[in-house]
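> what follows is a predicted protein model with its sequence.
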Amino acid sequence: TYDPTETNGDCFPEERAASNAITMLNHAEVPMCNEDLRGISVPLADLSYVQFCDSNLEGANLAGCILAGASLEGGSLKEANLAGVDVGLKMHIEAGGRVNCVTIC
């Protein structure tokens, strides 16, 4: 389990509020594809099965988030903080062609 105090101190109140808000939006199945979410800070949010396809998450703080089953196809996570992210243990890959590389660290 990710502990935010190990890397960057406790969440700021604004981050906690943003994390709660995006968690609620996700649980309400609000579509989040094609969004510009650069720099968003939502540590510890439950984003399981979120649809972030084609969304820009560059520089986002997703530390400790639950991303199990999430769709990030076509999105950008350049320089995003993914420390302690939970991607779940199940993986399903459909490929019409060839899969060159899958890395899970």
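Here it is on my side, so go on. Numbers count the residues shown, from 1 in each chain.
> got phi/psi on residue 24?
The phi and psi values for residue 24, taken as degrees, to the nearest 10, are phi -70, psi -40.
> which parts of this structure are helices?
For the chain, the helices defined by DSSP state H cover 13-27.
> any stretches of it with poor pLDDT?
Counting by pLDDT under 70, the chain contains low-confidence ranges at 1-10, 89-105.
> that one: strands as residue ranges?
With strands called from DSSP state E, the chain shows none.
> the closest residue to residue 51 other than its chain neighbours and residue 25: what is the separation?
Ranked by Cβ to Cβ, 6 or more residues apart in numbering and with sequence neighbours excluded, the top spatial neighbour of residue 51 is residue 71, at 5.0 Å. Heads up, the C-betas are built off the backbone N, CA and C, glycines and all. Per Cβ to Cβ, to the nearest Å, residue 71 is found 15 Å from residue 25.
> then residue 81?
20 Å.
> just residue 52 next, same as before
12 Å.
> these two: which is more packed in?
residue 52 (26 against 15; other Cβ atoms under 10 Å).
> quick one: residues contacting that one.
Counting by Cβ atoms under 8 Å, 6 or more residues apart in numbering, residue 52 touches 32-33, 35, 37, 70-72, 75.
> what is the neighbour count of the residue nearest to residue 51?
16.
> please name the bridge partners of the closest residue in space to residue 27 that isn't next to it in sequence.
If you skip the residues right next to it in sequence, residue 27 has residue 46 as its closest partner in space, 7.3 Å away by Cβ to Cβ, 6+ apart. Note on residue 46: beta-bridge partners by DSSP bridges are residue 66.
> isn't residue 46 up against residue 64?
No: Residue 46 lies out of contact with residue 64 (Cβ atoms under 8 Å); the separation is 10.3 Å.
> of these two, who's got more company?
More crowded of residue 46 and residue 64, by other Cβ under 10 Å: residue 64, with 23 against 19.
> quick check: the more buried one vs residue 74, distance?
24 Å.
> ok, and what's touching stretch 69-83?
With Cβ under 8 Å, 6+ apart, stretch 69-83 has contacts from 2, 7, 43, 47-64, 87-88, 90.
> switch to 7 Å and redo it
Here stretch 69-83 makes contact (Cβ atoms under 7 Å, 6 or more residues apart in numbering) with 2, 7, 47-63, 88.
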